[in-house]
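K.L.:
Pasting the sequence and the predicted coordinates here, then a few questions.
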Amino acid sequence: MSLGGKQLGKKGELAARQFLLSRGYKILESNYSTPQFEIDIIAKDNETLCFIEVKTRTGVKKGLPRESVTRAKQRKIIMGAQYYLSLNKITNTRLRFDVVEILYKDSSHTACDITLIPNAFQGC
């Protein structure tokens, strides 16, 4: 079974949400978007508000999934987070930018390795 990029990404985001929930995160938003920004997951980890980018791949030929979270992508996520904070009038709260890396190990896309990288980059 071959999945297109968008389908694979959606499958990875679902796996990431389940993974985060199993670790006690509370999912606040999924696929939060404005015309300029998109944040895959916004969640609370205890008292910390987390803006989470999910990267999914089927192999490492092009590098690890986390390596595709470029400085430009980080800037967009940070701007999206600032917009979210402003819109929701959120101040004086701990923030963190995480990456969840999903790497499928088989052609059926059923078995995967999931790696959470807390504080993957700094912002705000």
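P.N.:
Nice, I can see it. Numbering: from 1, shown residues only.

K.L.:
show me where this structure has helices.
P.N.:
5-22, 71-87 (DSSP state H).

K.L.:
So for the last one, mean pLDDT?
P.N.:
In this case it means helix 71-87. Mean pLDDT, helix 71-87: 95.

K.L.:
elements contacting that helix?
P.N.:
strand 26-33, strand 38-45, strand 48-57, strand 94-104 (3 or more C-beta pairs under 8 Å, 6 or more residues apart in numbering; DSSP states H and E). For every residue, glycine as well, the C-beta is placed using N, CA and C.

K.L.:
got a list of what the most centrally placed residue in the chain touches?
P.N.:
Nearest residue to the geometric centre of the chain (C-alpha atoms, centre = their mean): E53, 2.2 Å. Contacts were defined as C-beta atoms under 8 Å, 6 or more residues apart in numbering; by that measure E53 touches 39-40, 69, 73, 77, 97-100, 120.

K.L.:
same check, this time on L28
P.N.:
42-44, 49.

K.L.:
which of the residues in the lowest-mean-pLDDT helix or strand in the chain are buried?
P.N.:
Lowest by mean pLDDT, DSSP states H and E among the helices and strands of the chain is helix 5-22, with a mean of 90. Buried residues in helix 5-22, counting neighbours by 16 or more other C-beta atoms under 10 Å, are found at 8-9, 11-13, 15-17, 19-20.
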